[in-house]
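**Student:** Got a predicted model here, sequence first, then my questions.
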Number of protein chains: 2
Amino acid sequence: MIKRLTYGLVALLLLAAGPLSHAQETHTLRLAQTWGPNTPILAETVQHMADMAETMSDGRLQIRIDPANKHKAPFGIFDLVRNGQYDMGHTASYYYKGSIPNAMFFTTVPFGMIAPEQYAWFYHGEGMELMRKVYEPFGLLSFPGGNTGNQMGGWFRKEINAVEDLDGLKMRIPGFAGEVMAELGVAVTNIPPGELYTSLERGTIDAVEWVGPALDFNMGFHQIANYYYSGWQEPGAEVQFLISQKSWEKLPPDLQEILRVAMRTAAYDMYIQSTHSSGEAWSRMKDDYPDVTHRTFPAEVIEALRAATDKRLKEVAEGDPLAQEIISSQRNYLKQVRQWTNISDKAYLDSVAGE
Amino acid sequence: MIKRLTYGLVALLLLAAGPLSHAQETHTLRLAQTWGPNTPILAETVQHMADMAETMSDGRLQIRIDPANKHKAPFGIFDLVRNGQYDMGHTASYYYKGSIPNAMFFTTVPFGMIAPEQYAWFYHGEGMELMRKVYEPFGLLSFPGGNTGNQMGGWFRKEINAVEDLDGLKMRIPGFAGEVMAELGVAVTNIPPGELYTSLERGTIDAVEWVGPALDFNMGFHQIANYYYSGWQEPGAEVQFLISQKSWEKLPPDLQEILRVAMRTAAYDMYIQSTHSSGEAWSRMKDDYPDVTHRTFPAEVIEALRAATDKRLKEVAEGDPLAQEIISSQRNYLKQVRQWTNISDKAYLDSVAGE
């Protein structure tokens, strides 16, 4: 009798404890990021996402973040997650155009969409579906992971008044934008970040493209180059969260939604933090270095850059139907949404610009 | 012995079941919204927030939404939540300028910030803190609840070429913007939404301000007024979530964070949905009604509207230190962030506009 009662109660106990331990089971995801542990805005965005996920899940979802100095592969995040060494990554899709050429389109494209337009393409156009098509063969899910805002065209030591001024110009500008610049005769160089300031100061390079005021500030380029040009090459650079399909599927539905929403909010928040920090940094740069001045490329330079961009995009898409599908999806979407941007924010900003 | 063992096991059972039932306790919050049950974008945003909260909390956080036809007080949400009839609300802060004049500033201000600038002010400037100061005396918390994007200046049946053209013009334009327009001689009228189309068609009014293409489409104004003017009056209208401090404090920390993040994401998502839908609707309007054309107010009209805005703001702020604090916080923040907007998105949009 004692025994039977005891068994019965133990069974009840297990019944009661079962769902409890299930509900409170902790899931730990290891995340590798391209950035250092203290990279402003970018590393903060990842930590912010992890904090929201932990608090919302009452500690059941833990994201362990390894910065670049830990895993030593800042531009190998795609492989680290694909190979199962990490569950998640925070990086930029266009870093992997060597392995998957079509990854490039999900960060930004020269003469493409600005941040809110591109988010609209991701979430209401075909963006998420096309990104899924590109990453699914690798067992990966990719999500928007934060926007830098419109990136600046770079710091120049002398003014650019015509296309000829670009011929032979020595400039640090990586990736696809560098390929486009090279079409116009720019001598594109690749110099490690730590040597950029000295290279620009000594004239080893004439110009450098980095990000925007918020991230350029610590690089100090405004101390040695007076002309800060508006951009054309990365109108709304979106970084990304990667997660392996396997790790995703191990999460219960509530934690999947917590993770999805934490990533989505962190991404938007990065766009807003970038907006804030860029305003603050640009204001400080001008106060401290009154010779620093803003410039826009002349229309003929913009036209030449556009033509070179179209040429390179055509080459990239040749023989790749998915690339063609993505390019035309982005072009058609831009055409529709830009008309709205033009009659709303652009018209408004123009109307109050003179004041 | 049996008894003691049984007690012991029952105690263990309670111990095991205790935290379980606590963790699974369901919290239901009743929310009153200004909108009808099917108002595009706005009602969808509230439902979207509730869905995220429910899924992230595994059903422990339930938001019950009552649309305007249920509670019958679309512009009384502030009172419904303040008096404890509802835990939460979704509405627009500027509807309550009659009860709390300073509530007006947290929606949008003529010649103020566009959406990303204003989010930066809320989250990185003094916005959230100032909004807390305004709502705390009423036992309420207020959070950004979604942005319509830059609102259009309205549908006009004839062109506005000079300030004189506004004199005597009969226009539906409510709120603070209406007060500003009245300063310029506009005969501001208040006509129920259901009668606006007929009034415009019959010439009872000459112009009507509504929102933007996404929400204007169903109103049909584009069928009877050809000139669609860019706006000046609501450059980034943010609606709001209200929640009573008491209801908030009853939630455990994980559900507070789930609610906070769900509201924040839903707000950003509404801005992006508005961007998408406005692009789509504007494109359809122009296709279906080729006579519909976009206009911007001439510089002298913008200047007159700006002067009238400044005059009215000065009157509003007179003798109210908190109003003065908010106005100057917004002005100073705008001054800093707009310089960034101008050298990034504006410069970029200008450079590609001719193409």
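**Tutor:** Arrived safely.

**Student:** Would you state the helices of chain A in chain order?
**Tutor:** With DSSP state H as the criterion, chain A has helices at A:2-23, A:42-56, A:68-71, A:77-82, A:115-124, A:127-135, A:175-183, A:193-202, A:213-216, A:245-249, A:253-288, A:299-317, A:321-341, A:347-353.

**Student:** is stretch A:31-43 up against chain B anywhere?
**Tutor:** No - Stretch A:31-43 stays clear of chain B (C-beta under 8 Å from any C-beta of the partner chain), getting no nearer than 11.4 Å. In short, each C-beta sits where N, CA and C put it, glycine included.

**Student:** Model confidence for residue A:102, exactly?
**Tutor:** With respect to pLDDT, residue A:102 has a value of 97.

**Student:** That one: what's it in contact with?
**Tutor:** By C-beta atoms under 8 Å, 6 or more residues apart in numbering or on different chains, residue A:102 lies in contact with A:134, A:320, A:322-323, A:326.

**Student:** Which members of these come out as buried by neighbour count?
**Tutor:** Buried members of the contacts of residue A:102, counted by 16 or more other C-beta atoms under 10 Å in any protein chain shown: A:134, A:323, A:326.

**Student:** For the residue nearest to residue A:29 when sequence neighbours are not counted, give me phi and psi.
**Tutor:** Using C-beta to C-beta, 6 or more residues apart in numbering or on different chains and skipping the chain neighbours, the partner closest in space to residue A:29 is residue A:87 (4.1 Å). When read as degrees, to the nearest 10, the backbone of residue A:87 gives phi -80, psi -30.

**Student:** what about residue A:87, how many neighbours?
**Tutor:** 23 (other C-beta atoms under 10 Å in any protein chain shown).

**Student:** ok, of the contacts of residue A:102, which one's closest to chain B?
**Tutor:** Chain B has its nearest neighbour among these in residue A:326, at 18.1 Å by C-beta to the nearest C-beta.

**Student:** Is stretch A:166-179 positioned near chain B?
**Tutor:** No - Stretch A:166-179 lies apart from chain B when judged by C-beta under 8 Å from any C-beta; the minimum separation is 13.7 Å.

**Student:** hmm, who's touching that stretch?
**Tutor:** Residues contacting stretch A:166-179 (C-beta under 8 Å, 6+ apart): A:94, A:97, A:104, A:109-110, A:154, A:160, A:181, A:184-191, A:196, A:199, A:204-209, A:233-234, A:301, A:312.

**Student:** got the contact list for the residue lying closest to residue A:43 once chain neighbours are set aside?
**Tutor:** Nearest non-adjacent residue to residue A:43, counting by C-beta to C-beta, 6+ apart: residue A:35, 4.6 Å away. Residues near residue A:35 by C-beta under 8 Å, 6+ apart: A:42-43, A:46, A:67-68, A:74, A:90.

**Student:** do you know how far the residue lying closest to residue A:197 once chain neighbours are set aside is from chain B?
**Tutor:** The shortest distance from residue A:197 to any non-neighbouring residue, by C-beta to C-beta, 6+ apart, is to residue A:220 (5.4 Å). Distance, residue A:220 to chain B, by C-beta to the nearest C-beta, to the nearest Å: 19 Å.

**Student:** And the pLDDT at residue A:10?
**Tutor:** Residue A:10 is assigned 44 on the pLDDT scale.

**Student:** How about the one 10 residues further on?
**Tutor:** In this model, residue A:20 is scored at 46, pLDDT.

**Student:** Same question for residue A:1.
**Tutor:** Note for residue A:1: predicted pLDDT of 44.

**Student:** What of residue A:249?
**Tutor:** Looking at residue A:249, its pLDDT stands at 98.

**Student:** Pull the number of nearby residues for it.
**Tutor:** 9.

**Student:** residues in contact with residue A:345?
**Tutor:** For residue A:345, the contact set (C-beta under 8 Å, 6+ apart) comprises B:114, B:149-150, B:235, B:345, B:349.

**Student:** what about residue A:163, neighbour count?
**Tutor:** 17.

**Student:** How about residue A:192?
**Tutor:** The burial count assigned to residue A:192 is 8, neighbours taken as other C-beta under 10 Å.

**Student:** circling back: mark which of the contacts of residue A:345 are buried, thanks.
**Tutor:** Using 16+ other C-beta under 10 Å as the burial test, the contacts of residue A:345 include B:114, B:149-150, B:235, B:345, B:349 as buried.

**Student:** Pipe the residues you listed into JSON lines and attach pLDDT per row.
**Tutor:** Converted to JSON lines, the buried ones among the contacts of residue A:345 look like this (pLDDT from 0 to 100):
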{"residue": "B:114", "pLDDT": "98"}
{"residue": "B:149", "pLDDT": "98"}
{"residue": "B:150", "pLDDT": "98"}
{"residue": "B:235", "pLDDT": "98"}
{"residue": "B:345", "pLDDT": "98"}
{"residue": "B:349", "pLDDT": "98"}
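
**Student:** export the residues you listed to a markdown table and tack on distance to residue A:252?
**Tutor:** Converted to a markdown table, the buried ones among the contacts of residue A:345 look like this (distance: C-beta to C-beta, whole Å):
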| residue | distance to residue A:252 |
| --- | --- |
| B:114 | 40 |
| B:149 | 36 |
| B:150 | 41 |
| B:235 | 43 |
| B:345 | 40 |
| B:349 | 44 |
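
**Student:** quick one on the thing from earlier: which one of the helices of chain A has the most crowded surroundings?
**Tutor:** Comparing those by mean neighbour count (mean count of other C-beta atoms under 10 Å in any protein chain shown), helix A:115-124 comes out on top with a mean of 25.

**Student:** now that helix: how far from the chain's centre is it?
**Tutor:** 14 Å (C-alpha atoms, centre = their mean, to the nearest Å).

**Student:** can you give me the angle that helix makes with helix A:127-135?
**Tutor:** Here helix A:115-124 points in a direction 70 degrees away from that of helix A:127-135 (axes from the mean of the first three to the mean of the last three C-alpha atoms, to 10 degrees).

**Student:** how about residue A:48, what does it touch?
**Tutor:** By C-beta under 8 Å, 6+ apart, the contact list for residue A:48 reads A:266, A:269.

**Student:** my bad, residue A:295
**Tutor:** By C-beta under 8 Å, 6+ apart, residue A:295 lies in contact with A:156, A:159-160, A:227-230.

**Student:** Same question for residue A:26.
**Tutor:** Neighbouring residues of residue A:26 by C-beta under 8 Å, 6+ apart: A:59-62.

**Student:** Among these, which ones are in strands?
**Tutor:** The members of those that map onto strands under DSSP state E are A:61-62.

**Student:** Looking at the contacts of residue A:26, which is nearest residue B:145?
**Tutor:** Of all the contacts of residue A:26, residue A:61 has the smallest distance to residue B:145: 26.1 Å, by C-beta to C-beta.

**Student:** which of the contacts of residue A:26 are buried?
**Tutor:** Among the contacts of residue A:26, those classed as buried by 16+ other C-beta under 10 Å are A:60-61.

**Student:** near chain B too, which of the contacts of residue A:26?
**Tutor:** For chain B, no contacts are drawn from the contacts of residue A:26 by C-beta under 8 Å from any C-beta.
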